[in-house]
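Participant: model this:
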Amino acid sequence: MRSKEPALGSGGEAAGRRGRAAWLAWLGVLVLAGSLAWVGQRWLRREAPADPTSSPRLPVSPDPRHTYAGPFKNVRPEVKYVGDAACAGCHAVEVDGFHRHPMGRSILPVAALAGKLRYEHEVHNPFTALGSRFLVERQADRLWHSEQRLDVDGKVLAQRRSAVDYVIGSGQRGHSFFSVQDGFLFQTSISWFSRDQIWDLSPGFHNGQPRPVLHECVFCHSGGALPVEHTENRYEGKVFTSPAIGCERCHGPGELHVKFRAADQLPKGRVDHTIVNPRHLEPARREAVCQQCHLEGEARFLRRGRGLFDFRPGLPLEDFWAVYLPSDEVQDKHKVVGHVEQMYESKCFQASKGAFGCATCHDPHQPVAPAERLPFYRTRCLNCHEQQHSCTGNRARRAERKDSCFECHMTRLHRTDIAHTATTDHRILRKPAAEAPYLPPPYLLPNPLVPFPRRPADDPDADRDLGIALVRAGQANNSFAPYRSRAEPLLERARARDPKDIPVLFHLALLLSQTDQPGKGIAVAEDLLALVPEHELTLHLAAVMAADAGKPGDALKYWEKLLAVSPRNADAHLARAALLAKDGRHERAIAGCRKLLALDPLRAEAWTVLAYCHEQRGAAARAAEARQMAEVLKTPESERFRAWFLGPVR
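Facilitator: Now for the predicted structure:
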């Protein structure tokens, strides 16, 4: 989320508006932008104790796992997951192949990969970026990532050093890395890029600060995780129940199947209904198995009453996840971005009447080696298309491309090492050059979203979910203004129907935070916090809104409550220390800065606050030392903070 006001220090603004923009410029607002992913997490459906005097809550639709009437017996929630090792005894070939497949290597403990990576100078280790030196160090099966600031002689003045615990990504494009710190999961700022064979700054990082790994991220990248309710990036125990995606993500929990086969029992028919085999599902539910991770849309979040890992193969995905796409009115049907959306626009998919799907071309069990790609995918095409009858392309050009179907009909859209983007055109165009070129989605308009798939006309949550989706679209486009007139009444009506609907309360508070009525937004946030006092993202939002409303005392209260929930939140430590310093409580501010620097030794803003506090206390030497460190470690963000903090009181 960006401030809707002009940049800090704009000379023509009124003093109050300058102060407001300053607060929004540095009080951790950027963290909120990254954190919106977890508004759909399990903790959002927590209910307060029943209050007989309150209005009745809108009933949540029954859990589809309980009401499922199909043949597969492992859909019910009481059936337990057993892990891939239990599958390997009977399905050794499939399990071995899957563990070499990119999905089977989605997250690995660092010890599994530390000895297979390169660390020499020739692969950009160390490398320089953002005015710092970044370094990867290996000791046996352990890795450390460091960002260092050096003096003119190359001596390390300060460094941010993180132990690496997990490797994310199969390595086809590269690897990123996770660090577990006192139960909080962070992504480090260093990544390995396979194409160029170098270490470099992780995609999307504008500074070297580790990034919180949100609960919703681990849903798609892991086989199972243990997120702590109401938090941004805190997890229980060892974080993951299964780091990499496993067999049961596509087949459902295996407890019944293992017991059935261990007893030497055989199914009565050709299908064993003790476990889901996606090939025996009707087309929409078959595709839902892939779409649980590969369908992103313009907005995606859990439906009311659903938990992060509740979905089971065999059930409709739309009963668990609300996914919204740009509507036809504002989105040319040939300009969709995700693989799933593109495939649905292809003539191959539409003409097949459900026979064509993800697994038509992609083998979920066996990886395809680079040398095998051309004949493998060509065979997949020829299963439906007779080459001598269907291909009318120039023979010489076909020969140049070794008769590769996908080289002509699934052209590469762009080269990128960033996840979540389609790199090949899954529209499978007959004549790509003559048809609509790929373009990014246009800027969305006030009512641009439709659910995918379309919902029944009598869906009671249709307006509620559209309101949430519009707020998320505003966040994604860094402007809530085009969406407010449509989203606010939808959310207000949903709130009236169910005053304890936590996702509705949060998104309404977020929307109101971007208006000239922060007090109204704070009131909504307080309603939410009365239900869930430790709701981390709402505490953060409330602190920003209180500062926006010119109530630093209330902002301090929210920051302190946030730190009780998330003691490793560096932005909250900084905001709290700055407020204490401005209020003349210099000793407490100094102690807060020390805590921040223990978490993040490169945080220049902490040294700015320390210099101010020491100067106010008459400790000139300490103030000069702190100012020097702030100058050495400065970043564009820290300079904006300094301009606000040391500027005139507004």
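Participant: Could you list the low-pLDDT ranges of this protein?
Facilitator: Along the chain, segments meeting pLDDT under 70 span 1-59, 328-337, 387-390, 413-422, 433-447, 648-650.
Participant: Try it again at 80.
Facilitator: 1-61, 327-338, 386-395, 397-400, 411-423, 430-448, 477, 648-650 (pLDDT under 80).
Participant: Which segments of it make up each domain?
Facilitator: Split into domains by automatic domain parsing, the chain comes to 15-54+454-645, 84-245, 332-434.
Participant: need these in JSON lines with mean neighbour count and distance to His257, can you?
Facilitator: Heads up, the C-betas are built off the backbone N, CA and C, glycines and all. Formatted as JSON lines, the domains of the chain follow (neighbours: other CB atoms under 10 Å; distance: least, CB to CB, whole Å):
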{"stretch": "domain 15-54+454-645", "mean neighbour count": "20", "distance to His257": "26"}
{"stretch": "domain 84-245", "mean neighbour count": "18", "distance to His257": "9"}
{"stretch": "domain 332-434", "mean neighbour count": "15", "distance to His257": "17"}
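Participant: Out of those, the one nearest Asp310 is which?
Facilitator: In terms of CB to CB, the element of the domains of the chain nearest to Asp310 is domain 15-54+454-645, at 8.3 Å.
Participant: Just the strands from the stretch 351-500 of the chain, written as ranges.
Facilitator: With strands called from DSSP state E, counting those that start in this stretch, the stretch 351-500 of the chain shows them at 449-451.
Participant: now the top helix by length along the chain, how far from the centre of its chain.
Facilitator: Identified as the longest helix of the chain according to DSSP state H is helix 481-497. Between the centre of helix 481-497 and the centre of its host chain there is 25 Å, according to CA atoms, centre = their mean, to the nearest Å.
Participant: Convert it to CSV, retaining C-alpha atoms only.
Facilitator: What follows is helix 481-497, C-alpha atoms only, in CSV (Å, rounded to 0.1, in the frame of the first residue of the first chain):
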residue,chain,number,x,y,z
ALA,A,481,-10.2,5.3,-5.0
PRO,A,482,-11.7,3.6,-8.1
TYR,A,483,-13.0,0.8,-5.9
ARG,A,484,-14.3,2.6,-2.8
SER,A,485,-17.8,3.6,-4.1
ARG,A,486,-18.5,0.0,-5.0
ALA,A,487,-16.7,-1.9,-2.2
GLU,A,488,-17.7,0.2,0.8
PRO,A,489,-21.5,-0.4,0.6
LEU,A,490,-20.9,-4.1,-0.1
LEU,A,491,-18.8,-4.4,3.0
GLU,A,492,-21.1,-2.4,5.2
ARG,A,493,-24.0,-4.6,4.2
ALA,A,494,-22.0,-7.7,5.0
ARG,A,495,-21.0,-6.2,8.3
ALA,A,496,-24.7,-5.5,9.2
ARG,A,497,-25.6,-9.1,8.4
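Participant: hang on, Leu135 in a helix?
Facilitator: No. Counting by DSSP: H, G, I helix; E, B strand; the rest coil, Leu135 is not part of a helix but strand.
Participant: which helices and strands does the longest helix of the chain pack with?
Facilitator: Secondary-structure packing of helix 481-497 (3 or more CB pairs under 8 Å, 6 or more residues apart in numbering; DSSP states H and E): helix 462-476, helix 502-512.
Participant: Tell me which other helices or strands the last one touches.
Facilitator: Based on contacts counted as 3+ CB pairs under 8 Å, 6+ apart, the elements that helix 502-512 packs against are helix 462-476, helix 481-497, helix 518-531, helix 536-548.
Participant: swap in the longest one?
Facilitator: Here helix 462-476 touches strand 299-302, strand 321-326, strand 449-451, helix 481-497, helix 502-512, going by 3+ CB pairs under 8 Å, 6+ apart.
Participant: Columns distance to Ala469 on top of those, output as TSV?
Facilitator: Compiled in TSV, those are given as follows (distance: least, CB to CB, whole Å):
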stretch	distance to Ala469
strand 299-302	4
strand 321-326	4
strand 449-451	5
helix 481-497	8
helix 502-512	9
